[in-house]
Structures are given as C-alpha cells and as structure tokens.
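> heads up, no residue letters with this:
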C-alpha cells in the first residue's frame, strides 16, 4: 500500500477544514490559517512518502507532531479565537444558543432559580439572533432548557470561579478541557501505535465535530464519558464504568441510548460485576438528578423529555421540524403542511427502536460481549432515533460521523 489510511483521512480532513474557512463557512476566516493547514497537509504526505513504509519511530513521531499542530490550529486555536471575538464584540455573538443557555442556566442556579422552570425571555438568550426557515424569530430555547444537570452545574461552578478570578467566563473552557481529555484517553487505549494517530485524526480533526465544538456544542463531553465508560468496561472495571456512565447520563440524552448495550454486556459477561456497575451508576446519576426532581419534577421531565412538543403551561412553542430528519421529508413531499405541524414522531422512534433492539439481542447476542460491536450498534441505534426525531441537525450528523470513526479504529486494537 503506497499511502496509509491515516494519511488519507488526515489530508481529507485538512482539505475540508480549509474549504470551511475559504468559503466563509468556517470560524476564524483567516487565510493565514489556511496556508498553515495546507503546509501541514503537504508535510504529512511527504512524511508518508519517505518514511511511511518503514517501521520505526521517525514516521510515528513526525506524524504525531503534525497532528498535534493541526489540533492546536483547528480545535484549540479556532475555539479560543471565537471566545476572544465574543469577549470583544458581543456576549451573544460567536456562540450557539445551547452554550449560551447553559451559561445562563448556571447563573440561575447560583441565584437560586430553577433553570428548568424559569423562562429565558429576559436574559441574553433573547438577544441571540434566531430565525427558522419560515421566518419565525421566537426561539424555543427561551422556554425550555433541554440540557441535563451536569453541564448546568459545571457552568455554575465555572462562572463562580472564573468571574471571581478573571471577570470573564465562557463555557467552552470546559469543552476544550474535555477535548484534551479525549487525547489522553486515546493514548490510554492505543498507546504508541498507528491507531492512536487514527484516533486523533478521526476525533480531534473531524471538521463537522470540531467546528460545532468551537461554537459551543457539548458533544465532546458526552463522547469523553462514553469512551472512558467503554474503556473501563473493556477492562472489567465495572465500578468505574458505572461512575462515568452516571456522569454521561447526567450530561446529555445522547448517552441514554448506550445503556441497553452496556447493561447487556455486563449481564452476559459478569453478572456479579453488574451489581458494582449499577450501584455506582445509580449513585452518580441520582446525585445530579435528585436535587432537580425534588425542586420541580414536572419542570425537569417536561424540559428533558417533552420539550419538542411545546407546552401550554409554559407558553412554549412547538419545536419546528428541521434539518435532515424524516419529518423534513414529510414536509417536503406535502404530507405535513408546515414545519410547525404536530406529528407523533415518538411512535416511529418507539416501534423502530424496539424492533432494532430485539434484532440485536436475538440475532447478535454473542456479539454483545464485544465492545467494538456495542459501539457500532449504539451508533446505528442513535442514528435511527435521531432520524425520526422532529429535528436531525448538522451537530447530530457530526457526532455520528465521529462515532463511526471511533468504531472503526477501536476494532483495530493496538496495531
């Protein structure tokens, strides 16, 4: 093989990141960044040409340095650039509404206000420019906070510390921390191998994933908890699997759909280990959820489970059908009159999701003892659920693309 798979993916991702900036879709918009990325891509190919087919440290370390430089530019550099631009120009600029709401929710907690009950109509979120494809400017996020407690509590902690020390806070500080944690996690799994390089490229340089993180999408946190849970699961450390799974469940609904596979893996492989897992999992999950359940259980459940349908009690509008979802197809072919049409998408999710799990558990029961299979099955399951949601956005597609990449490299072991 003339060119390694890592070189192919690396150069492809470099190309897409350059295109993002070149045509104004990117974050920094600085042509010098493009020149640096192109130079790194060319050097990587030269390393592959002269050293790629030779086994030794020269090729590995040269590629690793180039990947780290790319991570500094694409991941860390662009995110910090956005944070600085926001600090200079506008508190509601250069950040997505989800991250902005997370910051505000953290401050609500510090003020003794319930972030799942309070409307956000009198906050900076109301200044964030929102317009859907039919011209509506009322952001559904003004009436519902869909983020589980972990990120909100982390935001409250961050605001208290950073505002005291620096008179400034941006929740993306924590996203960058978890981004760096992922690099260390990749090393723990793959050590000094080509698959470590592949992991860094497929996760830390994925154009969709990294650009969404730079705007404030918190999938990088979920991905860390997901992968570290699976790493401990693979090593038979069920207590720590439960601990990090509990944090993942308290971070985003995305994590919830991996639980059937984790439960099955431990149950089939080590029933005694299931008790250790379940104890630590339940302890951590309850630690985050119970305070808000006691505070206002209705507001919590409404926000986390039923937010897409709106709420008369809270005057919340129904979430529009958007993105790449099945609902958008129904609107496009005229089966639904509007993106605001009410439709029981949860029925599709329930029926198809149940059928999918039954097929997995009956046809591939033995494969459930394999972490690689679990990771890919979860990716397929999540894709199915998201496609039949009211909305299936670019950030969802980005997360799925990272999961596919990780599924591939995880199956390669430590080669």
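All right, it came through fine. All values derive from a computational prediction rather than experimental measurement.

> since we're on the closest residue to residue 233 other than its chain neighbours, how many residues are nearby?
Spatial nearest neighbour of residue 233, chain neighbours left out: residue 241 (4.5 Å); criterion: CB to CB, 6 or more residues apart in numbering. For the C-beta atoms, the positions are set from N, CA and C on the backbone; glycine is no exception. Here the number of neighbours of residue 241 (other CB atoms under 10 Å) works out to 26.

> and if you look at the one 3 residues further on?
Using other CB under 10 Å, residue 244 has 24 neighbouring residues.

> Same check on residue 78?
25.

> what's near enough to touch residue 245?
225, 229, 255, 258, 259, 262, 277, 281, 284 (CB atoms under 8 Å, 6 or more residues apart in numbering).

> Oops, could you answer that again for residue 231 instead?
Contacts of residue 231 by CB under 8 Å, 6+ apart are 185, 188, 189.

> same thing with residue 162?
Counting by CB under 8 Å, 6+ apart, residue 162 touches 168, 169, 173.

> Out of these, grab the one that's most surrounded.
residue 169 (19 neighbours).

> Could you confirm it falls within a strand?
No - remark: residue 169 does not belong to a strand; assigned using DSSP: H, G, I helix; E, B strand; the rest coil, it is coil.

> Check which helix or strand the closest residue to residue 157 other than its chain neighbours maps to.
Nearest residue to residue 157, sequence neighbours excluded (CB to CB, 6+ apart): residue 106, at 7.6 Å. Taking DSSP states H and E as the criterion, residue 106 maps to helix 97-110.

> Give me the residues contacting that helix.
For helix 97-110, contacts defined as CB under 8 Å, 6+ apart pick out 92, 114-115, 118, 120, 123-125, 128, 130, 139, 141, 145, 147, 151-160, 169-172, 215-218.

> ok, now stretch 382-401?
206, 208-209, 211-212, 217, 219, 222-223, 254, 257, 308, 319-328, 343, 345, 348-349, 352-353, 356, 379, 403.

> Buried residues in it, which are they?
Buried residues in stretch 382-401, counted by 16 or more other CB atoms under 10 Å: 382-393, 395-401.

> State which helix of the protein is the longest.
Secondary structure of the chain per DSSP state H: the longest helix is helix 271-305.

> for the helix or strand following it, what is the average pLDDT?
Later in the chain than helix 271-305, the nearest helix or strand by DSSP H and E is strand 322-323. Mean pLDDT, strand 322-323: 92.

> Now do strand 322-323: distance to the chain's middle.
Distance of strand 322-323 from its chain centroid, counting by CA atoms, centre = their mean, to the nearest Å, is 18 Å.

> ok now do the most centrally placed residue in the chain, which residues does it touch?
Residue closest to the mean C-alpha point of the chain, counted by CA atoms, centre = their mean, is residue 219 at 1.4 Å. Remark: with contacts taken as CB under 8 Å, 6+ apart, residue 219 is in contact with 209, 212, 213, 252, 254, 395, 398, 399, 402.

> Just send those residues back as JSON lines, with secondary structure, distance to residue 86 and pLDDT too.
Shown next, in JSON lines, are these (DSSP: H, G, I helix; E, B strand; the rest coil; distance: CB to CB, whole Å; pLDDT from 0 to 100):
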{"residue": "209", "secondary structure": "helix", "distance to residue 86": "20", "pLDDT": "95"}
{"residue": "212", "secondary structure": "helix", "distance to residue 86": "16", "pLDDT": "94"}
{"residue": "213", "secondary structure": "helix", "distance to residue 86": "15", "pLDDT": "96"}
{"residue": "252", "secondary structure": "coil", "distance to residue 86": "23", "pLDDT": "97"}
{"residue": "254", "secondary structure": "helix", "distance to residue 86": "25", "pLDDT": "96"}
{"residue": "395", "secondary structure": "helix", "distance to residue 86": "19", "pLDDT": "94"}
{"residue": "398", "secondary structure": "helix", "distance to residue 86": "21", "pLDDT": "95"}
{"residue": "399", "secondary structure": "helix", "distance to residue 86": "23", "pLDDT": "97"}
{"residue": "402", "secondary structure": "helix", "distance to residue 86": "25", "pLDDT": "97"}
